[in-house]
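> Sequence first, predicted model second:
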Amino acid sequence: MRIKFIIFFFIICFNLSQNVSSNINDKIVAKIGNQIITNFDIINEVNTILALSKRTANKTDLEDLRRIAFSSIKKLLIKENEVKKYKIRNYNQLDVDNYIAGVEKNLELENINLEDHFQRYGANYEIFVQGVITNFKWNTLIYSLYKKQLDIDEELIKAELNNLLKDIKEIKEFNLSEIVLENWDENILKTVLQSIKENGFEKTAIQYSNSISSAQGGSIGWVASNSISNVYLNEIKNLKKSQNSKPIKINNNIVIIKLNDKRFINQNNLDIAKVEKNIIDRKKEEKLNIFSNSHYLDLEKKSYIEIK
């Protein structure tokens, strides 16, 4: 009888603890439109952030991580609703696979894939992948909405480049990485700058950057100095190798640049067509980032957001 009582008591206690844990996880912390964000969602996103930076949480920065997690989930839900509204269903699976491969490479995972790595941190890998897919669909949507405003005067760029190269024998090139923060605030910026110090630029880019280069740890490769706008170039010129710039405010975004390396290329060895293409692609990407940011901010203002 005593054994039965102990077993029965244990079952009751176990069920109670399970229910308490379930209630805590299921607690609604916010509503975005008709969608809810639970404590489980916040905890999972915090674990995802930690997995992407390969670190553990300190009690001191847990509140900051929860705030960043909420901001990330809110942004994804708003994007998701807009993507559904326009019925954007297609995406390139190869882009997703390459993005995941880029994250795995920059995290330098040994004998383990990203899914198993997430499992070690208690983060849901499938939710992460769905977020990646949503962002690719969002990029498709932004391009379809604003492509007519992406006109770049390619002939003017070619003429300016050719004129610039007339009397120059060597071209300076910079190997750069970037972190782009959309819809930032001072707390997020502070967290990002602290993360760069503690975890390095590449891991911070994977974790926080809103640029498509984030999967590659923010790497944008070699860029000719004459293809870089003066706003960035003035910062880059004063950097030493492996140094990063102070935060640069561009429209509503914050950009942080890291100088990985620099070199001089003889003009005879310079692929002019490639330089032209890089300049045009970069200018289009900058415009798309501006449209993406403004479109999102407009949606956020119109969205019903209730913090519990």
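Nice, I can see it. Numbers count the residues shown, from 1 in each chain.

> drop to CA atoms for contacts and neighbour counts, all remaining ones
Noted.

> Show me what the host helix or strand of residue 78 is packed up against.
For residue 78, the host element (DSSP states H and E) is helix 62-85. Using 3 or more Cα pairs under 8 Å, 6 or more residues apart in numbering; DSSP states H and E as the contact test, the elements touching helix 62-85 are strand 28-32, helix 39-53, helix 125-146, helix 186-199, helix 272-302.

> Let me see the residues that make contact with it.
In this structure, residues lying in contact with helix 62-85 by Cα atoms under 8 Å, 6 or more residues apart in numbering are 32, 35, 37, 41-43, 45-46, 49, 131, 134-135, 137-138, 141, 187-188, 191, 296, 299-300, 303.

> Could you export the helices and strands packed on helix 62-85 as TSV, including mean neighbour count, mean pLDDT and distance to residue 74?
Output for the helices and strands packed on helix 62-85, formatted as TSV (neighbours: other Cα atoms under 10 Å; pLDDT from 0 to 100; distance: least, Cα to Cα, whole Å):
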stretch	mean neighbour count	mean pLDDT	distance to residue 74
strand 28-32	17	89	7
helix 39-53	22	93	10
helix 125-146	17	94	12
helix 186-199	15	89	15
helix 272-302	16	84	9
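
> Could you say which one of these comes nearest to residue 243?
Closest approach to residue 243 among the helices and strands packed on helix 62-85 is made by helix 186-199 (10.8 Å; Cα to Cα).

> Could you identify the helix or strand that succeeds that closest one?
For helix 186-199, the succeeding helix or strand toward the C-terminus, using DSSP H and E, is helix 201-208.

> Save the helices and strands packed on helix 62-85 as TSV, and put in distance to residue 94 too.
Below are those laid out as TSV (distance: least, Cα to Cα, whole Å):
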stretch	distance to residue 94
strand 28-32	31
helix 39-53	21
helix 125-146	11
helix 186-199	29
helix 272-302	20
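
> right, so of the ones you listed, which gets closest to residue 171?
Nearest of the helices and strands packed on helix 62-85 to residue 171, taken as Cα to Cα: helix 272-302 at 11.0 Å.

> That closest one to helix 125-146, inter-axis angle?
100 degrees (axes from the mean of the first three to the mean of the last three Cα atoms, to 10 degrees).

> Okay, angle between helix 272-302 and helix 62-85 too, please.
Going by the same axes, to 10 degrees, helix 272-302 makes 100 degrees with helix 62-85.

> angle of helix 272-302 against strand 28-32?
Computed with the same axes, to 10 degrees, the direction of helix 272-302 lies at 110 degrees from that of strand 28-32.

> Tell me the pLDDT of residue 206.
We have a pLDDT of 87 for residue 206.

> Test my guess that it contacts residue 200.
No. Using Cα atoms under 8 Å, residue 206 is not in contact with residue 200, being 10.5 Å away.

> Compare neighbour counts for the two and give me the winner.
Between residue 206 and residue 200, residue 206 has the larger neighbour count (other Cα atoms under 10 Å), namely 25 against 14.

> so what's that one up against?
Taking Cα under 8 Å, 6+ apart, one finds 52, 53, 103, 214, 215, 216, 217, 218 in contact with residue 206.

> returning to that earlier point: which is the next helix or strand following the helix holding residue 78?
Following helix 62-85 toward the C-terminus (DSSP H and E): helix 93-107.

> pLDDT (mean, whole number) over that following helix?
Averaging pLDDT along helix 93-107 gives 90.

> can you pull the buried residues of it?
96, 99, 100, 101, 102, 103, 104, 105, 106, 107 (16 or more other Cα atoms under 10 Å).

> so which of the residues you listed comes closest to residue 257?
residue 106 (17.4 Å).

> Which residue is the nearest non-sequential neighbour of that closest one?
Once flanking residues are discounted, residue 106 sits nearest to residue 217: 6.0 Å by Cα to Cα, 6 or more residues apart in numbering.

> I figured the one you found was touching residue 199, is that so?
No. With contact defined as Cα under 8 Å, residue 217 and residue 199 do not form a contacting pair (11.9 Å).
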